[in-house]
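Asks: Below are the sequence and a predicted model for it; my questions follow.
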Amino acid sequence: MRTHHMNIVTQAKVYTISELNTEVQGYLKQRYPATIWVQGEIKSYNRNAHRDHVFFELCEKNPNNEKAVARVTAVIFDSMKQRLANSLRKIEAGFQLRDDIEVKFECMVDLYPPSGSYQLRVIDMDPYYTLGKIAQQRQAILEALKKEGLLEKNKILPLPLVPLKVGLITSYNSAAYHDFLKELAESRYGFRVFHIDARMQGQQVEQDVCRAIELFNQQPMDVIVIIRGGGSRSDMAWFDNVKIARAIAYSGLPIFTGLGHEIDLSVSDLVAHTYQKTPTAAAQYLVELVKGYLEKLERYGDEIAQRSISIIQKEEQQLSGLRREVIRSSQDRINQAKQVLQSAAWETRQSHNRLIRQTLLHLESASHRIRLKTALWMMDSSKAIGQLRQSFPKLLESRFKNARSQLEIFSIRRNAADPIQVLKRGYTLSLDSKGRTIRQLSGVRMGDVLTTVLADGQARSRVTEKRRLQREENPLEIEKTLL
Amino acid sequence: MSAKEIKYGKVMEELETILKKIEQEEVDIDDLAQEVKRAAELIKLCKKKIEKTEMEVNRVVRSFEAEIPEDQNEENGK
């Protein structure tokens, strides 16, 4: 038994590991002489980044619970990289393979003897498969969000009128960070930016961004802005993330995005309140909002000023119209009063003078006659002297009495010299073209138009003749000579 | 909405009211100067608030160390 046993052992081939691995490798080559297509999801991509070749795993998931049910190691040899890059370009310029994307690779099945593990040597890939899967994935997320009513949730938040307090989510010191701040600073508005550093690519994006959104929501921010620099579509896919999308949707603050994409929008963009293509554009949008508010303020200010000015001008026009009217009517009244006064003064002076002259004349002739008679009496009749002595004082007295009573009458008449009464008595008043009372012949020139004021009206006449009063001539007599 | 916005909104509302009054000539000529003065004041305050400060950047590392204060000149926005 023992020998037999030994025989079995000695007869059976004993492999070294190298022999075994090489043999299995041979079988594999025999079984898979040409390339085959394998589909799966990339995991642990480029875990040995320092090597020339790129290693990773392809993984198959249970579609019901997303758990991995099978894995295989895969490698992209350095010599294959260029070919892969060409295919990747068909998806999008700058597209990079990374974890979680679904791929369909053309590969050789091989075994690497030093490790004994079999692996897939990637020769090429089907870019359209990946493209479709990305789109499908994105579509699935969008549909789920839509079903929950989350696509519009952040959009219906009221936009702050003056969004100066900005919660910024991006990676510190990145181009996006600087572009954004530069644009805000150039506006010269008092923006207050609060920055939370977050990774903008890789597995950590989800965690960093969600946390930052949560933190900002505990503060009185006006708006949250998520920005990143330009990147490939596959980098953008970090924002086709259902958790980020939910965080945005449930944010109580409006969220703006500027994720630097050229063509497609990420799910985050679609859920956000407002999306812009670039960080600079996102900053410009904020500046525009503030500027818009200021412009509206100024428009209102201008409008208020203009309307007020026109109201005041209108008021002023009304006032100056009123003033003109007042001046005109008061001027009229003043002129009327002046005319009345002038004619009254003229009349008074004229009648006054005339009365005085007449009185003096009377007195003169009276005293003259008295003196004369007295002399006669004294010369002619000395016997009558006694009689004269008796009668003279009486005579004298009666003469003077006469004159005095005449004076009294004159003064009564003078007091009664109301210009209107004077006019009514037949006197008239002549005014020159300027309305001045004419008192002297020198005030009248040939051809002048004079206004004659009568008690019941006015008449206008032209001077056709004039004559100066001769000495001792009665002015009233001139009339006759003229006629 | 933060308290700040409400105030910016209030300013806009008040200006709208003043403008409407003036447009419909509901303002007595004696009150007009007051209304215009008020409008100019509001605009000036808002502009000052928005334009006066330089941009400020704060880094938030782990969490906000303290509550971010409301604007110190908030009473201006009334």
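Replies: Arrived safely.
Asks: Check the offset of the longest helix seen in chain A from the chain's centre.
Replies: When chain A is scanned for its longest helix (criterion: DSSP state H), the result is helix A:279-380. Counting by C-alpha atoms, centre = their mean, to the nearest Å, helix A:279-380 is centred 47 Å from the centre of its parent chain.
Asks: Okay, helices next: where are they in the chain?
Replies: Assuming you mean chain A. Under DSSP H, chain A gives helices at A:2-11, A:17-31, A:81-91, A:127-147, A:175-187, A:204-216, A:233-236, A:242-250, A:267-271, A:279-380, A:384-415, A:419-424, A:475-482.
Asks: looking at chain B here, not the other one
Replies: Counting by DSSP H, chain B has helices at residues B:3-23, B:29-51.
Asks: quick one: which of those helices has the weakest pLDDT on average?
Replies: Ranked on mean pLDDT, the bottom entry among the helices of chain B is helix B:3-23, at a mean of 80.
Asks: For it, name the packing helices and strands.
Replies: helix A:279-380, helix B:29-51 (3 or more C-beta pairs under 8 Å, 6 or more residues apart in numbering or on different chains; DSSP states H and E). Placement of C-beta: from N, CA and C, glycine included.
Asks: Dump the ones you listed into JSON lines; add mean neighbour count and distance to B:Ile18 as well.
Replies: Formatted as JSON lines, the helices and strands packed on helix B:3-23 follow (neighbours: other C-beta atoms under 10 Å in any protein chain shown; distance: least, C-beta to C-beta, whole Å):
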{"stretch": "helix A:279-380", "mean neighbour count": "14", "distance to B:Ile18": "6"}
{"stretch": "helix B:29-51", "mean neighbour count": "16", "distance to B:Ile18": "5"}
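Asks: so can I have a markdown table of the ones you listed showing distance to A:Val24?
Replies: Output for the helices and strands packed on helix B:3-23, formatted as a markdown table (distance: least, C-beta to C-beta, whole Å):
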| stretch | distance to A:Val24 |
| --- | --- |
| helix A:279-380 | 54 |
| helix B:29-51 | 75 |
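Asks: Can you name the residues of the stretch 201-350 of chain A that neighbour chain B?
Replies: Residues of the stretch 201-350 of chain A lying near chain B by C-beta under 8 Å from any C-beta of the partner chain: A:215, A:218-222, A:290, A:293-294, A:296-298, A:300-301, A:303-305, A:307-308, A:311-312, A:315.
Asks: picking up where we left off before, would you reformat the helices of chain A as JSON lines and include mean pLDDT?
Replies: Output for these, formatted as JSON lines (pLDDT from 0 to 100):
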{"stretch": "helix A:2-11", "mean pLDDT": "57"}
{"stretch": "helix A:17-31", "mean pLDDT": "93"}
{"stretch": "helix A:81-91", "mean pLDDT": "83"}
{"stretch": "helix A:127-147", "mean pLDDT": "88"}
{"stretch": "helix A:175-187", "mean pLDDT": "93"}
{"stretch": "helix A:204-216", "mean pLDDT": "93"}
{"stretch": "helix A:233-236", "mean pLDDT": "68"}
{"stretch": "helix A:242-250", "mean pLDDT": "94"}
{"stretch": "helix A:267-271", "mean pLDDT": "92"}
{"stretch": "helix A:279-380", "mean pLDDT": "79"}
{"stretch": "helix A:384-415", "mean pLDDT": "59"}
{"stretch": "helix A:419-424", "mean pLDDT": "70"}
{"stretch": "helix A:475-482", "mean pLDDT": "57"}
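Asks: So which of those is nearest A:Gln458?
Replies: Of all the helices of chain A, helix A:279-380 sits nearest to A:Gln458, with 9.9 Å by C-beta to C-beta.
Asks: The closest one vs helix B:3-23, what angle?
Replies: On the basis of axes from the mean of the first three to the mean of the last three C-alpha atoms, to 10 degrees, helix A:279-380 is oriented at 40 degrees to helix B:3-23.
Asks: A:Arg460 reaches A:Val453, doesn't it?
Replies: No: counting by C-beta atoms under 8 Å, A:Arg460 sits too far from A:Val453 to count as a contact (10.7 Å).
Asks: more neighbours, these two?
Replies: A:Val453 (19 against 10; other C-beta atoms under 10 Å in any protein chain shown).
Asks: So that one is in contact with A:Thr428, correct?
Replies: Yes: counting by C-beta under 8 Å, A:Val453 sits close enough to A:Thr428 to count as a contact (6.3 Å).
Asks: who touches both of those two?
Replies: Shared contacts of A:Val453 and A:Thr428, defined by C-beta atoms under 8 Å, 6 or more residues apart in numbering or on different chains, are absent.
Asks: Closest residue of the stretch 51-200 of chain A to chain B?
Replies: A:Gly190 (3.2 Å; C-beta to the nearest C-beta).
Asks: doesn't A:Val166 make contact with that residue?
Replies: No: the pair A:Gly190 / A:Val166 is not scored as a contact, 11.2 Å apart, by C-beta under 8 Å.
Asks: more crowded one of those two?
Replies: A:Val166 (25 against 19).
Asks: Look up how far B:Glu16 lies from A:Leu297.
Replies: Distance, A:Leu297 to B:Glu16, by C-beta to C-beta, to the nearest Å: 11 Å.
Asks: make that B:Glu26, sorry
Replies: Using C-beta to C-beta, we find B:Glu26 at a distance of 14 Å from B:Glu16.
Asks: cool, A:Pro254 as well?
Replies: Using C-beta to C-beta, A:Pro254 is found at 24 Å from B:Glu16.
Asks: Sounds good, over and out.
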